[in-house]
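> I'd like to go over a predicted model; first the sequence, then the structure.
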Amino acid sequence: MELEKNNIHMSKILKNETATFYVNHEAGLTEADDMIDNIINHHEIVSVDNTSIRNNQLIVNGTISFGMMYYTNENDMAKGTESEIPFEETIKLNSFDENCNVDVSLIVLSSSVKLIDPKNYIYKVQIMANITVEKMEDLEAVSDIQRENVMTKYSNLDSLCIVADTSDTFRVSERLSVPSGKPAIHKIIWQDVKIKTINTKMLDGMIHIGGELKVFLIYIPEEEGMPQQWIDTIINFGGTIDVAEAREDLISYINTVLHNVDIEADMNQDNEIKDISITALLKLNIKIYEERQIDILEDVYAPDANLVPVVEEQKYQKLLVKNESRTKNVVKLDIDQSKGHILQICSSDAEVKIDNIIIGDSGLKAVGKIKACIIYISSDDAQPLCCQCKETEFEHRIDADGIMPEDKYYMNWRVEQVSANMISTNEVEVKSVVALETIVFRTEKKAFISQIDEKPIDMEKINAAPMIKGYVVQPGDTLWKLAKENYTTIDNIMKVNELPSEQIRRGDRLLIIKSCQ
């Protein structure tokens, strides 16, 4: 007797946790003569550098890249500064298995800058860590038996196998030119580069990446006496990365984060500093799955042998739903009248912060905040460059029919489109589209045959059974059950009773003849 087995390789999500912590950083302006009179705006990007596990504690090392734009009390030209804040945070993990993998993503919940004096400041950032604890498991199930005169019963299983779970990077390197009519660049004081749209497509042995970057920068022109200039534009990027496991017919879940953005002003062919090079690193967390339909052995018997299946209840995963949804949002900003009226909007931006995901009836509900900001030129001649932000509640439901509280999921989100319209000189409407991608896994339980023991046959029991008997079908009876109990086969019962199919009903009368003696 020889058994054939199928292996199901799974990456199980054991639990999702969140932890919130603060990072405080004291810093000062690097330019000796600068003194802060008014902070216009600040922004930050937080990234994970590496993680480690020690004594049921998760050690997260990361970096906060921040930029701050401000006015001094000397002139009407805004200035900017950029820096990085390295940090290390220890997070307690409850009931953690050392053999598990931990995936961590960080988002900025809130941030503030407090002036100590006109030269020095304290940067305070509240960060939320989204922690996913995963474990790789292999499930082996008997799929067939090689033996003469054996009866087999199979069931079909829809399973989800993990094919690849890896990280990679894609180097973004693009160029743009200062629009005609705008002066050459002396110094860039503010830069904000974000992913506007991104698409990934699996090909054989590679993943194609394409998308758009929203680029906004403010610069001081070379010509003296000219006001500050800005560029707000969209550029395309794209390319491929090699992933050996990738195939078009597989299912992917790819999370992308833009890091290490660098903007440099370069000289063009006319010896004017009007070319701009943009480089960045796109970090990708790549998970590739394969849906497999597997026939597994559910039961077995032989009329001439005592075959005893060893059954174990196991858990396996299947795909419940992969969902991509979008929702439109509108935030109305009331402009601070003390800064003057709006003359022109330079740029608009929005970011969404999800701090809670609730499993409900037939779906997931993402709850958080959406923050809309505009940078604009005001009627205040002394400090014309201004920023106005507003944060409102955000809630969106993602369809996932049949979802249960114990089901596990991954979810990522981003703002894809932002536009701003002046309703009046004192009110602006910021419209945005939030895209959410979700993949939900259902954990199923099933009794799997792991081994089949062939034990000595009980000839007394076989001989004691009647050679032929009449039987009235009872509720729950199947031909498999009756054949196994009466030492015969399904084919024999069907042949003797001239049955057109294996379907039997309560009250049917059958003649059953034993096949072995």
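Perfect, thanks for sending it.

> what's the average pLDDT for the strand or helix carrying residue 127?
Element membership of residue 127 [criterion: DSSP states H and E] is strand 120-146. Average pLDDT, strand 120-146: 91.

> Tell me the first helix or strand C-terminal of it.
strand 151-177.

> Only the C-alpha atoms, please, for the helix or strand following that next one, written as PDB.
As assigned by DSSP H and E, the chain's next helix or strand after strand 151-177 is strand 185-203. Output of strand 185-203 as PDB, limited to C-alpha atoms (Å, rounded to 0.1, in the frame of the first residue of the first chain):
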ATOM      1  CA  ILE A 185      16.000  78.100 -10.000                       C
ATOM      2  CA  HIS A 186      18.300  79.600  -7.300                       C
ATOM      3  CA  LYS A 187      17.300  77.400  -4.400                       C
ATOM      4  CA  ILE A 188      14.500  74.900  -3.700                       C
ATOM      5  CA  ILE A 189      13.000  75.600  -0.300                       C
ATOM      6  CA  TRP A 190      10.000  73.200  -0.300                       C
ATOM      7  CA  GLN A 191       9.400  69.800  -1.900                       C
ATOM      8  CA  ASP A 192       6.500  67.400  -1.700                       C
ATOM      9  CA  VAL A 193       6.500  64.300  -3.900                       C
ATOM     10  CA  LYS A 194       3.700  61.700  -3.500                       C
ATOM     11  CA  ILE A 195       2.300  58.800  -5.400                       C
ATOM     12  CA  LYS A 196      -0.800  59.900  -7.200                       C
ATOM     13  CA  THR A 197      -1.600  56.600  -8.900                       C
ATOM     14  CA  ILE A 198       0.200  53.300  -9.000                       C
ATOM     15  CA  ASN A 199      -0.600  50.000 -10.800                       C
ATOM     16  CA  THR A 200       1.200  46.700 -10.600                       C
ATOM     17  CA  LYS A 201       0.800  43.800 -13.000                       C
ATOM     18  CA  MET A 202       2.300  40.300 -12.700                       C
ATOM     19  CA  LEU A 203       4.000  38.900 -15.800                       C
END
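
> Okay, angle between whatever helix or strand comes next after strand 185-203 and strand 151-177 too, please.
Scanning forward in sequence from strand 185-203 by DSSP H and E, the next helix or strand is strand 206-221. Strand 206-221 and strand 151-177 are oriented at 20 degrees to each other (axes from the mean of the first three to the mean of the last three C-alpha atoms, to 10 degrees).

> For whatever helix or strand comes next after strand 206-221, buried residues please.
Using DSSP H and E, the next helix or strand after strand 206-221 towards the C-terminus is strand 229-242. Within strand 229-242, the residues that count as buried by 16 or more other C-beta atoms under 10 Å are 229-232, 235, 237, 241. Yep, even glycine has a C-beta here, placed from its N, CA and C like the rest.

> Neighbouring strands of strand 229-242 in the sheet, and parallel or not?
strand 206-221 (antiparallel) (DSSP bridges).

> what's the closest of the buried residues of strand 229-242 to residue 390?
Nearest to residue 390, judged by C-beta to C-beta, of the buried residues of strand 229-242 is residue 232 at 19.8 Å.

> Is that closest one in contact with residue 216, as I believe?
Yes - under the criterion of C-beta atoms under 8 Å, residue 232 makes contact with residue 216 at 4.8 Å.

> can you list residues touching both of the two?
Common contact partners of residue 232 and residue 216 (C-beta atoms under 8 Å, 6 or more residues apart in numbering): 346-347.

> sorry, back to before: in the buried residues of strand 229-242, find the pair that's most separated.
Top of the distance list for the buried residues of strand 229-242 (C-beta to C-beta): 229 and 241, 36.0 Å.

> contact partners of stretch 263-276?
175-178, 184-186, 188, 191, 193, 215, 217, 219, 222, 231, 277-278.

> tell me the mean pLDDT for it?
Throughout stretch 263-276, pLDDT has a mean value of 93.

> Likewise for stretch 445-463?
For stretch 445-463, mean pLDDT is 85.

> What is the least confident helix or strand in this protein?
When the helices and strands of the chain are compared on mean pLDDT, DSSP states H and E, helix 459-464 comes out lowest with a mean of 81.

> How far off centre is it?
When distances are taken as C-alpha atoms, centre = their mean, to the nearest Å, helix 459-464 is centred 61 Å away from the chain's centroid.
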